[in-house]
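>>> Below are the sequence and a predicted model for it; my questions follow.
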Amino acid sequence: MASEVPPSTRVISKDVIGSRKWLELSEITYKDEENKERSWEMVARKTRKRTMPGDGVAVIATLRKTLHLDILVLVRQYRPPLDRFTVEFPSGLVDDGETLEEAAVRELREETGYVGTVKHQGPVTCLDAGVSNCTEALISIEIDGDKPENHHPQQMTDDGEFVELLHVQVSELLTRLNEFSGQGDVIDAKLYAYAVGISQRTHVAHARV
Ligand SMILES: Nc1nc(=O)[nH]c2c1ncn2[C@H]1C[C@H](O)[C@@H](COP(=O)(O)OP(=O)(O)O)O1
């Protein structure tokens, strides 16, 4: 069944091949650079509303406590599509009517129990552009570990959501991720890129001394 798409796009039509509660599989027809019609198979989330800035958020959550080194709060969980455990930033889907910042603060609270303050909001980024139109914004949140509300964080996960909390020293991030990978876990690409960035920045800083 073909449906209409906005005229400003290069997509001409979309045939929905299959649709369930969370996802829709389609074949789209689009025009390439030479005006030639081509087709592409793609997946879309059904939770995205027109008013939503993006499908989800991922939270770079830094726990800061007096006289302690900075800690990155991460989550480890079983992901059915991979049939493996993953190590990721705390993350989740944006609810209808929520801003990206609100979604980030809520998801951090639900998945980790920590209450934090937004320090930076990145743009909406793509996740797997050859497969889906899913997008996610990276939001940096600082957690004040000195505040009583962050002394004993209590997760508020939904039924069927089992999230293990990881506390990793920022300076050891890449090493720890490589260890998790060596044990058979799959590391989220954004998180791994972040770890490589931190590690390279540290090497450059040392080289300058
Ligand atoms: N693709 C999905 N298939 C499902 O069967 N269920 C799914 C999919 N995506 C999300 N969900 C469910 C699982 C949770 O109950 C809710 C909310 O997920 P959320 O925690 O916001 O997002 P993730 O952490 O990225 O799973 O949706």
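Good, I have the coordinates.

>>> Pick out the residue of this structure closest to the ligand.
Residue of the chain nearest the ligand, by Cβ to the nearest ligand atom: G92 (3.2 Å). (Glycine included, C-beta is placed from N, CA and C.)

>>> Tell me which other helices or strands the one helix or strand that residue maps to touches.
G92 is located in strand 91-93, with elements delineated by DSSP states H and E. Applying 3 or more Cβ pairs under 8 Å, 6 or more residues apart in numbering; DSSP states H and E, we find strand 91-93 packed against strand 56-64, helix 100-112.

>>> If the residue of the chain closest to the ligand is in a bridge, with which residues?
Beta-bridge partners for G92, by DSSP bridges, are V57.

>>> So which bits of stretch 94-109 are buried?
Using 16 or more other Cβ atoms under 10 Å as the test for burial, stretch 94-109 gives 94, 98, 100, 103-109.

>>> Show residues contacting it.
The contact list for stretch 94-109, computed with Cβ atoms under 8 Å, 6 or more residues apart in numbering, reads 49, 51-57, 59, 61, 73, 90-93, 114-116, 118, 121, 124, 137, 139, 141, 143, 156.

>>> gap between the strand holding G92 and the chain center?
6 Å (Cα atoms, centre = their mean, to the nearest Å).

>>> Could you list the residues of this structure in contact with the ligand?
Within reach of the ligand by Cβ under 6 Å from any ligand atom, the chain has these residues: 22-23, 56, 91-93, 158.

>>> Just the buried residues of those.
56, 91-93.

>>> The residue nearest to R20 when sequence neighbours are not counted: what's it in contact with?
Using Cβ to Cβ, 6 or more residues apart in numbering and skipping residues adjacent in sequence, the residue nearest R20 is K46, 7.9 Å away. Taking Cβ under 8 Å, 6+ apart, we find K46 in contact with 19-24.

>>> Show me which parts of the helix of greatest length in the chain are buried, residue by residue.
Secondary structure of the chain per DSSP state H: the longest helix is helix 189-208. For helix 189-208, burial by neighbour count (16+ other Cβ under 10 Å) applies to 190-192, 194-195, 199.

>>> what do you get for stretch 39-59?
Buried residues in stretch 39-59, counting neighbours by 16+ other Cβ under 10 Å, are found at 42, 44-45, 48, 52-59.

>>> what's the answer for stretch 169-185, then?
173-174, 176-177, 180, 185.

>>> Which residues does the strand holding G92 contact?
45, 47, 55-59, 75, 103, 106-107, 110-111, 136.

>>> again with stretch 69-79
So stretch 69-79 is in contact with 60-65, 84-91, 108, 111-112, 114, 143, 145, 161-171, 173, 180, 185-186, 191, going by Cβ under 8 Å, 6+ apart.

>>> Which ChimeraX command selects the buried ones in those residues?
The following ChimeraX line selects those of the contacts of stretch 69-79 that are buried, judged by 16+ other Cβ under 10 Å:
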select :60,61,62,63,86,87,88,89,90,91,108,111,112,114,143,145,163,166,168,173,180,185,186,191
